[in-house]
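1. Dropping a prediction and its sequence here:
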Amino acid sequence: MKSDKHSLGFCNMDVKDVGFMLPLSAKKDQESVNSLLYYSEGHICLGKIIDKQKMTIQKVHVGETLTHLEHDVDTNVLVASSVHSNLITVTPNGQDKIDEPQTLVTAFENRKKLHWSASEEYKYETGAGPAPVQYIEDINSLVIFGADRFTILDAVQLSRFEEINCLTIAKFSGDTYVFCGTALGFPGIDAIEQV
């Protein structure tokens, strides 16, 4: 959909499993005024409305699940929270082996990693027999993309068991800030009982 000179245009799209969508426009880029950004099936997709019932779509494979997405018009950046799953194999002697998937975020060389001492000290239980036990552990990251080409500008991997619950961009005194609300949730602990 687009709004231009008090009229409303519509471009019909048939996309399955859309996680979220938002209009995209940058102050410096007139072409982005009629753009729609959405996340679907592991891809960030940018749709540009060319004419009535015509739209071009550019896809970038992320390889992670995006749970929140914000766009800052002034800086033309996208701030996203993403989740990937690691496979943890615990041997009978208590050694952990972590298999991390190759995604756009995990491949980013300058990714920072946060560590909370409580979450780093957590150990999974070993199995009763001689076979190793496997667990799946979700890892959350805060990622900043350039909105023009979807290249990663910065990424922060949160500590184990830390989840992003809310995300927003705000401006104070001309400066732009990203606010991210997180919580720690350890396996086997019901948050309701901890209140």
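-> That came through, no problem.
2. domains for the protein, by residue range?
-> 1-61, 64-186 (automatic domain parsing).
3. Serialize the ones you listed to a markdown table and add fields for mean neighbour count.
-> Yep, even glycine has a C-beta here, placed from its N, CA and C like the rest. Listed next are these as a markdown table, based on neighbours: other CB atoms under 10 Å:
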| stretch | mean neighbour count |
| --- | --- |
| domain 1-61 | 14 |
| domain 64-186 | 15 |
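4. Of these, which shows the lowest average pLDDT?
-> Across the domains of the chain, domain 1-61 has the smallest mean pLDDT, namely a mean of 65.
5. Grab the most central residue of this structure for me.
-> Ser82 (2.3 Å; CA atoms, centre = their mean).
6. Now it: closest residue in space, sequence neighbours ignored.
-> Spatial nearest neighbour of Ser82, chain neighbours left out: Glu64 (4.1 Å); criterion: CB to CB, 6 or more residues apart in numbering.
7. In contact with that neighbour, which residues?
-> By CB atoms under 8 Å, 6 or more residues apart in numbering, the contact set of Glu64 is Gly42, Ser82, Val83, His84, Thr103, Leu104, Val105, Ser141.
8. Closest one of these to Pro130?
-> Taking CB to CB as the measure, Pro130 lies nearest His84 of these, at 30.0 Å.
9. now that closest one: how far from Leu158?
-> Here His84 is placed at a distance of 12 Å from Leu158 (CB to CB, to the nearest Å).
10. Could you do Ile164 as well?
-> 7 Å.
11. which neighbours do the two share?
-> By CB under 8 Å, 6+ apart, the residues touching both Ile164 and Leu158 are Asn140, Leu142, Thr182.
12. Show the contacting residues for the second one.
-> For Leu142, the set of contacting residues under the criterion of CB under 8 Å, 6+ apart consists of Val79, Ala80, Ser81, Ala155, Val156, Leu158, Ile164, Leu167, Val178, Cys180.
13. Let's see the helix or strand the fourth one falls within as CSV, backbone CA atoms only.
-> If you go by DSSP states H and E, Ala155 is part of strand 152-157. This file holds the C-alpha atoms of strand 152-157, laid out as CSV (Å, rounded to 0.1, in the frame of the first residue of the first chain):
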residue,chain,number,x,y,z
ILE,A,152,25.3,-5.8,9.1
LEU,A,153,26.8,-2.7,10.7
ASP,A,154,27.0,-4.1,14.2
ALA,A,155,25.8,-7.2,16.2
VAL,A,156,25.8,-8.0,19.9
GLN,A,157,25.1,-11.6,20.9
